[in-house]
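J.: Need coordinates for the following:
(chains A, B, C and D)
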There are 4 protein chains.
Amino acid sequence: MSVRVERVEDATGLPGDDPADLDRNDPEAEIAARAAAFGNWGRWGPDDVLGTLNFIDPQKRVEAASLVRSGAVVSLAQRFDTEGPQRGWRRRTNPVHTMTDTGTDAERGSQGFPHGIGGADDVIAMPLQCSTQWDGLGHIFDHGMAWNGRRAGDVVTSDGDLVTGIEHAASVVASRGVLLDVGRFLRPETGELEDGYAITAADLEATIAAQGASSAVGRGDIVLVRTGQFTRTRRDGWGEYAGGPAPGLSLTTAGWLHRTEIAAIATDTWGFEVRPNEFDVPAFQPLHQVVIPNMGLTIGEMWNLDELAALCAQDGRYDFLLSAAPLPITGAVGSPINPIAIL
Amino acid sequence: MSVRVERVEDATGLPGDDPADLDRNDPEAEIAARAAAFGNWGRWGPDDVLGTLNFIDPQKRVEAASLVRSGAVVSLAQRFDTEGPQRGWRRRTNPVHTMTDTGTDAERGSQGFPHGIGGADDVIAMPLQCSTQWDGLGHIFDHGMAWNGRRAGDVVTSDGDLVTGIEHAASVVASRGVLLDVGRFLRPETGELEDGYAITAADLEATIAAQGASSAVGRGDIVLVRTGQFTRTRRDGWGEYAGGPAPGLSLTTAGWLHRTEIAAIATDTWGFEVRPNEFDVPAFQPLHQVVIPNMGLTIGEMWNLDELAALCAQDGRYDFLLSAAPLPITGAVGSPINPIAIL
Amino acid sequence: MSVRVERVEDATGLPGDDPADLDRNDPEAEIAARAAAFGNWGRWGPDDVLGTLNFIDPQKRVEAASLVRSGAVVSLAQRFDTEGPQRGWRRRTNPVHTMTDTGTDAERGSQGFPHGIGGADDVIAMPLQCSTQWDGLGHIFDHGMAWNGRRAGDVVTSDGDLVTGIEHAASVVASRGVLLDVGRFLRPETGELEDGYAITAADLEATIAAQGASSAVGRGDIVLVRTGQFTRTRRDGWGEYAGGPAPGLSLTTAGWLHRTEIAAIATDTWGFEVRPNEFDVPAFQPLHQVVIPNMGLTIGEMWNLDELAALCAQDGRYDFLLSAAPLPITGAVGSPINPIAIL
Amino acid sequence: MSVRVERVEDATGLPGDDPADLDRNDPEAEIAARAAAFGNWGRWGPDDVLGTLNFIDPQKRVEAASLVRSGAVVSLAQRFDTEGPQRGWRRRTNPVHTMTDTGTDAERGSQGFPHGIGGADDVIAMPLQCSTQWDGLGHIFDHGMAWNGRRAGDVVTSDGDLVTGIEHAASVVASRGVLLDVGRFLRPETGELEDGYAITAADLEATIAAQGASSAVGRGDIVLVRTGQFTRTRRDGWGEYAGGPAPGLSLTTAGWLHRTEIAAIATDTWGFEVRPNEFDVPAFQPLHQVVIPNMGLTIGEMWNLDELAALCAQDGRYDFLLSAAPLPITGAVGSPINPIAIL
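T.: Okay, here's the model as predicted:
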């Protein structure tokens, strides 16, 4: 099920996997080449709203369920609270959770209910991508175009994503999950990649090779890439983290993401791809621009992979049943989630 | 694994299963009797924060995973949007989902990003119990006392649930699920119980008997009770639904909920138990008062069980792997969820 | 200072004041004629962001301050709470006000502050136009064009109103206010116009004549039109009010609104103009379409004019100092306000 | 109308005005002495909900209106947006303002309205004390007691302030305003007091003396104290401002605040009083603890006094009509405001 790394541009004309080949002064061209080479528009018909999630089929889920051996469950979510990474940039705050009724009031007897019943209730206000989340397919556009070749303005208005809203994925996202602990593989002493480290396709394949057969990656899998940055932020605090420097995937992994036919991918960082981005001119999340609107790939961010990584290392096994259904918020371009791995 | 129904109060002094025996003028006494008989304070030690979720053990999850045969997934969530049941009572509104960036803006080219990338992003404000949800253990109190014998004011302040917040269940709620389609069993023509119908322990057992061996209920299971009311509201609209009349569990099911040792239970109605409640004097959610603070039972509400019910009826099989982890919102007394059944 | 009513279309070609002359099958033409006749694009230069608020000059405020005689103050705001008119239409809910700290917690001693200090604090989530409010100039567009001839998409994106945001009016809206109690004048027994009643320019002038010289209306004044509908909703409840039938200004008052050179106008109804609108084909708020983007008129809605009306009737004087500055929410297209009349 | 500064504790036993006399190791005693000496419980009867706002009488407002000479208006509000001072401490974020409809959508023609009308609409989520604001009387407690001797838990529950909610002040807060530009007086070169500077009663009186007769302070006035810190934050950014070091009133001004019989006071800083507070042991806002629950004084914070200060300095006149009515948010313990000075 594993996929060989190769420099394919000579033979095939496809953009290659080596960051050294990037023209660091022309992000637009580098993006365009990958959009052309690795795009999936029309692959699942003109009405598709799922993109690469289509790679998950029932047989894949049966396979995934068969991976459950110990019955252990690991939550891969950060906690949703004011200790999160958001600092207000682009109106992204941490969640604001408030109580409309409390135990203090109930104990004091001032709630006005009969027969001694009391209650507590609560509300939340939060950006949908403030913490552990899936990006929806309407989250990113390429030159005004959305997933599957639709005009961005036909898809996402101020009423939300009218076409590819996250609710369409409500009953899809359960599959075989594979952890690639790149942080531990490349930095065995600390387990943490440094900010700005661009993970390459070769890094991913080398991690797979090191981890062994259970981490082979193929069609319909959901890949979880641990960089170790989350470990660092828990220790040192977030600082001005959200949007700042971080390890992450190189733009040049676009080919790997495409040829593996994975269903989705998530990292333990704010922005999935390496920050700063790999250009000497202004650039912003070029890999997003390739994989979301063009490839139709569902991306997860800010996952907590530390406990899972410890368990996998201990067991020497890196695949598991992953259940990570989004909240079906109608028209949302992202969803907070609590993904769980069942091992 | 199934549990026999019996009138036990004669032999044991426990409150019985027959609604006819309720003193309809004394809810406080009826609640107190059940709290005394079916309470679980201390059962899992003084520091427990999970209640009956403790009944789920790894072996139960291995068993649950083994139920996956077809690989089909069914989402059991309603959509989170303005079409939901809330009308503002007790500050419970439907979710308010708004966009901070749109495709229309991206297509028009006014977002100010480089190399043709555009984005859409969104925020939400919502009560945590506005739609498909788990009640946390801090949601209900009995005479100022919370789960496991703690003072309500020691547990839930305006900072949230400091002890039993829903985040503690983040990696717990995956188990064998069992659908009891009481609506279809009792009303085969319509599949819908009428508002005000109080489901009894006998009804639950008769449904189990009719559905067959795959719906036997025992320790660690998560039971889903379909009344059919959600089917009706989707057809006829919610009206002034939230808090209004509905079918639901009778107070007298408390014994059944206790002796089956189920981990959690959910219904397709707003309030789990029958509305109006079964008393001739003012009463409000007496079964909640018994099972949440006293029994430590996790309750789900407003689940969409219709598609699952159709699949189960077709297969003649009513158990499945249920994955329904709450969002780990620190200190929350409830969580919106997208439960999925994997069959 | 008063303005004569006249049928001017014969002499001048301007659209007239008589609703009987409306072509009830062609709202677009009726709107277009008034936009052409009564538009103010360019009147205050190409960069204008205030529209008719420009009519308020310092001398007008000196005049307004001189009207203060008794020192009485009347708030013209409804309360902002869950008892308001919103029912969720277009995501407009009533305000959701929640506490982040309470007195119950403070009294119980669990807040963790030193030397006996305790605190209460709160947050709010609300549509800016859920209750007593000003519409900003970016609130309504005419065929994709905003106030002063700008393209709507150049003015209001998902980042808000980038040009005419309500913050620009932060230090402007204090002037002479004039109450026109049309409800009391036309329906002396009840003081309440019936839903669907279209107030005409003749009604406004007749009310002025009946009330006397203190209600003469001219340049820079802020006119408050009481229909009595708010009185009715306080008595009978809102029902499904917001957006439903209501008395209000006829489309044919556009000429009066223009030639009086008033700075702003407010009513005690949800939508300022009569509902249903005065057409036999689908129509929605045609007077808004004329006066906001074309005339640059600031409109207030859902004001509570009852106490003010009682005071004015008692004194026989209908003008006063009106202070009604919006909250300077950057980029907002409306603002909740607490307007006060100082008499 | 001016008030003499004097050391009164020798003659009267009242706590004095000199910070040097504070026992910096005993905030509780220093607070208690001032609460006893300067408290107003019962002064306006047992049902009072306004505290010192009662000092504003109609005659005071007539006097205030008579101060209007030029008709100039100055807004004293900061803008409400993401550039504000909040960083998430105690769940206080800057306002999150989002659009539910935009001009981009309207221009694109996708809103579905008839006859060419388009609209923009918006919502906000914000702490009520995130920017320019009034503290309500339910905002602070002293040893579990609220204004006028009520138990804190009888006043503010999770349903809000049931007794002294800010809505009670809806038609009160218009009076004579007096600017005391302490920053300019004490630091004529920069106009900015340094963080940690404790303004004393002597400083206030000296500022009054320097500014001249128009800044005499007496019963019913609303005093605005400019420290210059806001000027600095606009130049240098907020940093981790909210809650951090700032100039502000010394605890020892409690006597001055009491004997002047002012109705309310506001500053251009986050927290009104000097930060850090004037003690060598843990302390938090001791002057709040004296003046809100004990004295019943309404406090304003984060006002923008710079433009007003420039105008006053230019005119040599420091009093004006101040209109600063709170939004009547039912049960709120604070309100965002846009105070305006009319000169």
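J.: give the contact list for the most far-flung residue of chain A relative to its centre.
T.: For chain A, the C-alpha farthest from the mean C-alpha position belongs to A:His115; by Cα atoms, centre = their mean, that distance is 48.0 Å. Residues near A:His115 by Cβ atoms under 8 Å, 6 or more residues apart in numbering or on different chains: B:Pro27, B:Glu28, B:Ile31, B:Ala283, B:Phe284, B:Pro286, B:Gln289. Bear in mind the C-beta positions are built from the backbone N, C-alpha and C, glycine included.
J.: One more: A:Ala120?
T.: Taking Cβ under 8 Å, 6+ apart as the criterion, A:Ala120 is in contact with A:99, A:101-103, A:106, B:138-141, B:152, B:156, B:161, B:333.
J.: if I look at the residue nearest to A:Cys130 when sequence neighbours are not counted, how far off is A:Gln78?
T.: In this structure, A:Cys130 finds its nearest non-sequential neighbour in A:Gln86, 5.2 Å apart by Cβ to Cβ, 6 or more residues apart in numbering or on different chains. From A:Gln86 over to A:Gln78 the distance is 11 Å, taken as Cβ to Cβ, to the nearest Å.
J.: Mind listing the shared neighbours of these two?
T.: The contact sets of A:Gln86 and A:Gln78 do not overlap (Cβ under 8 Å, 6+ apart).
J.: so what's the residue in the stretch 1-150 of chain A positioned nearest to chain C bridging to?
T.: Nearest to chain C in the stretch 1-150 of chain A, going by Cβ to the nearest Cβ, is A:Thr98, at a distance of 3.9 Å. A:Thr98 has these beta-bridge partners by DSSP bridges: A:Val123.
J.: can you list the domain ranges for chain A.
T.: In the assignment given by automatic domain parsing, the structural domains of chain A cover A:19-87+A:128-342, A:97-125.
J.: wait, what's in contact with the residue of the stretch 1-150 of chain A closest to chain C?
T.: Residues touching A:Thr98, when contacts are defined by Cβ under 8 Å, 6+ apart, comprise A:Asp122, A:Val123, A:Ile124, B:Ser158, C:Thr98, C:Met99, C:Thr100, C:Val123, D:Arg91.
J.: Surely the second one touches B:Leu128?
T.: Yes: A:Val123 is within contact range of B:Leu128, at 6.6 Å (criterion: Cβ atoms under 8 Å).
J.: If you count surrounding residues, which of the two has more?
T.: Residue environment comparison for A:Val123 versus B:Leu128 gives the larger neighbour count to B:Leu128, 27 against 23, counting by other Cβ atoms under 10 Å in any protein chain shown.
J.: quick one, what contacts the more buried one?
T.: Contact analysis of B:Leu128 by Cβ under 8 Å, 6+ apart lists A:Asp121, A:Asp122, A:Val123, A:Ile124, B:Ile329, B:Ala332, B:Val333, B:Gly334, B:Ser335, B:Pro336.
J.: Generate a ChimeraX selection restricted to the buried entries among those.
T.: Selection of the buried residues among the contacts of B:Leu128 in ChimeraX, burial being defined by 16 or more other Cβ atoms under 10 Å in any protein chain shown:
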select /A:121,122,123,124 /B:329,332,333,334,335,336
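J.: picking up where we left off before, the residue nearest to A:Cys130 and A:Gly244 touch, don't they?
T.: No: at 12.0 Å, A:Gln86 does not count as touching A:Gly244 under the criterion of Cβ under 8 Å.
J.: okay, these two: which has more neighbours?
T.: Legend: neighbour count by other Cβ under 10 Å for A:Gln86 and A:Gly244, higher for A:Gln86 (24 against 16).
J.: so that one is in which element?
T.: With elements taken from DSSP states H and E, nothing contains A:Gln86; it lies in neither a helix nor a strand.
J.: confidence score at it?
T.: The score at A:Gln86 is 88. That number is its pLDDT.
J.: got it, and A:Thr12?
T.: At A:Thr12, the model reports a pLDDT of 66.
J.: do the same with the one 4 residues further on
T.: A:Gly16 carries a pLDDT score of 93 in this model.
J.: so it touches A:Thr252, yeah?
T.: Yes: the criterion here is Cβ under 8 Å, and A:Gly16 meets it with A:Thr252 at 6.8 Å.
J.: More neighbours: the two, which one.
T.: Neighbour tally, A:Gly16 and A:Thr252, criterion other Cβ under 10 Å: the higher count belongs to A:Thr252, 24 against 18.
J.: Tell me who's in contact with that one.
T.: The contact partners of A:Thr252, by Cβ under 8 Å, 6+ apart, come to A:Pro15, A:Gly16, A:Asp17, A:Asp18, A:Pro19, A:Asp21, A:Leu22, A:Ala198, A:Thr200, A:Ala201.
J.: for A:Ala174, same thing?
T.: Remark: with contacts taken as Cβ under 8 Å, 6+ apart, A:Ala174 is in contact with A:Ile56, A:Arg61, A:Ala64, A:Leu321, A:Leu322, A:Ser323, A:Ala324, A:Ala325, B:Val73, B:Ser323, B:Ile340, B:Ile342.
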